[in-house]
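Novice: coords below, sequence missing:
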Ligand SMILES: Nc1ncnc2c1ncn2[C@@H]1O[C@H](COP(=O)(O)OS(=O)(=O)O)[C@@H](OP(=O)(O)O)[C@H]1O
């Protein structure tokens, strides 16, 4: 079903009630048939949760802190995005199939829509969650500048769209809950954007351990320095570039602020109270604990 259109082209469709880019829906059969391998590492995130950040961290760890090797391609081309499908370019699935193993892959899919072979493969999952209010703010500005997603409308309109889960990749609440509840059943490292921000060294060490890479302190320091917001914004290989017809960075930069608590500059008092109430309802019974002193 088309949810929003640009001209005559629907931008979003749906799979099992979850809004997804229409191009992803069109390619759904290929995505669901994807064959995961036991040595795959899948980076999983809800949009705007720090995907690009963790990709650069993982890439630097994989290449033992060799900064030049991580300049080999723009970040969006290093780790195939499973649901990417924009013919005539190769799809994310096709890129992943053509890639040497072990592979690092990435997805925003909610757990219930992941190709089933991932659950049979015993591969590793690296999930990064970011607090919902900052995700909402970041996603709003992203939709303002991303021509492949629906126009977000006004801030107040987008607030409603986000809390009702009518954004691409669906509800933040269901996404985070869904992955959190699986964390003990599979090989998963579950990280928080806010923790990486507050103590990057400690969180990067967790990723190193998870990837079974034993790197010395100098390499760790390099990775911490290379993955600051300022460094990644200034690095053309991590500051996501794309034609203006896709990402118009004159409207809002991809590397926008990279901070915790920007929601305070956007939410009204009434919106904040309403959001907290919805959060309590939707996250009731889960043990997930987000940093609240933002
Ligand atoms: N190194 C580093 N440190 C802190 N924050 C960072 C970093 N790299 C990216 N970012 C911020 O992450 C937001 C983009 O999230 P994603 O990469 O998940 O976006 S996407 O879903 O892949 O489009 C977006 O957040 P906002 O600035 O709040 O919009 C980016 O600025």
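Specialist: Yep, it's here. The model shown is predicted, which means the values in this text are computed figures rather than measured ones. Residues are numbered from 1 along each chain as shown.
Novice: Next up, the contacts around residue 15.
Specialist: Contact analysis of residue 15 by Cβ atoms under 8 Å, 6 or more residues apart in numbering lists 24-25, 28, 113. Heads up, the C-betas are built off the backbone N, CA and C, glycines and all.
Novice: Need the max-distance pair from these.
Specialist: 25 and 113 (10.9 Å; Cβ to Cβ).
Novice: Please enumerate the helices of the stretch 1-150 of the chain.
Specialist: 22-26, 28-32, 51-62, 75-78, 92-97, 117-121, 132-145 (DSSP state H, counting those that start in this stretch).
Novice: ugh, wrong one, I meant the stretch 151-294 of the chain
Specialist: Under DSSP H, counting those that start in this stretch, the stretch 151-294 of the chain gives helices at 155-163, 172-182, 193-198, 200-210, 217-226, 229-234, 269-282.
Novice: can you pull the pLDDT of the closest residue in space to residue 35 that isn't next to it in sequence?
Specialist: Distance criterion Cβ to Cβ, 6 or more residues apart in numbering; nearest residue to residue 35, sequence neighbours excluded, is residue 117 at 5.1 Å. pLDDT recorded at residue 117 is 98.
Novice: Distance of residue 117 relative to residue 53?
Specialist: Distance of residue 117 to residue 53, given as Cβ to Cβ, to the nearest Å: 27 Å.
Novice: what about these two, which has more around it?
Specialist: The residue with more neighbours, out of residue 117 and residue 53, is residue 53; 24 against 15, by other Cβ atoms under 10 Å.
Novice: Quick one: residues contacting the more buried one.
Specialist: 128, 193, 196, 227, 232.
Novice: go with 7 Å
Specialist: Residue 53 sits next to 196, 227, 232 when contact means Cβ atoms under 7 Å, 6 or more residues apart in numbering.
Novice: and what of residue 21?
Specialist: 11-12, 148, 168.
Novice: ok, it to residue 203 distance?
Specialist: Taken as Cβ to Cβ, the span from residue 21 to residue 203 is 30 Å.
Novice: now residue 191
Specialist: 6 Å.
Novice: and what of residue 37?
Specialist: 26 Å.
Novice: Could you tell me which residues of this protein lie near the ligand?
Specialist: Proximity of the chain to the ligand is confined to 45, 47-53, 134, 138, 141-142, 227-229, 232, 255-258, 262 under the rule Cβ under 6 Å from any ligand atom.
Novice: Drop anything exposed from those.
Specialist: Neighbour counting by 16 or more other Cβ atoms under 10 Å classes 45, 47-53, 134, 138, 141-142, 227, 232, 255-258, 262 among the residues of the chain next to the ligand as buried.
Novice: residues contacting the residue found closest to residue 275 once you drop the neighbours it is linked to in the chain?
Specialist: Excluding its sequence neighbours, the residue lying closest to residue 275 (Cβ to Cβ, 6+ apart) is residue 133, at 6.4 Å. With contact set as Cβ under 7 Å, 6+ apart, residue 133 has these partners: 263, 267, 275.
Novice: Contacts only, for the second one.
Specialist: Listed by Cβ under 7 Å, 6+ apart, the contact partners of residue 267 are 133, 275.
Novice: Which pLDDT value does the model give it?
Specialist: Value for residue 267, per-residue pLDDT: 98.
Novice: likewise the last one?
Specialist: For residue 275, the model assigns a pLDDT of 97.
Novice: How about the one 4 residues further on?
Specialist: According to the prediction, residue 279 has pLDDT 96.
Novice: what does residue 242 give?
Specialist: For residue 242, pLDDT reads 89.
Novice: ok, back up a step: buried subset of the contacts of residue 21?
Specialist: 11-12, 148, 168.
Novice: so can I have CSV of the residues you listed showing pLDDT?
Specialist: CSV is the format used below for the buried ones among the contacts of residue 21 (pLDDT from 0 to 100):
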residue, pLDDT
11, 94
12, 97
148, 93
168, 98
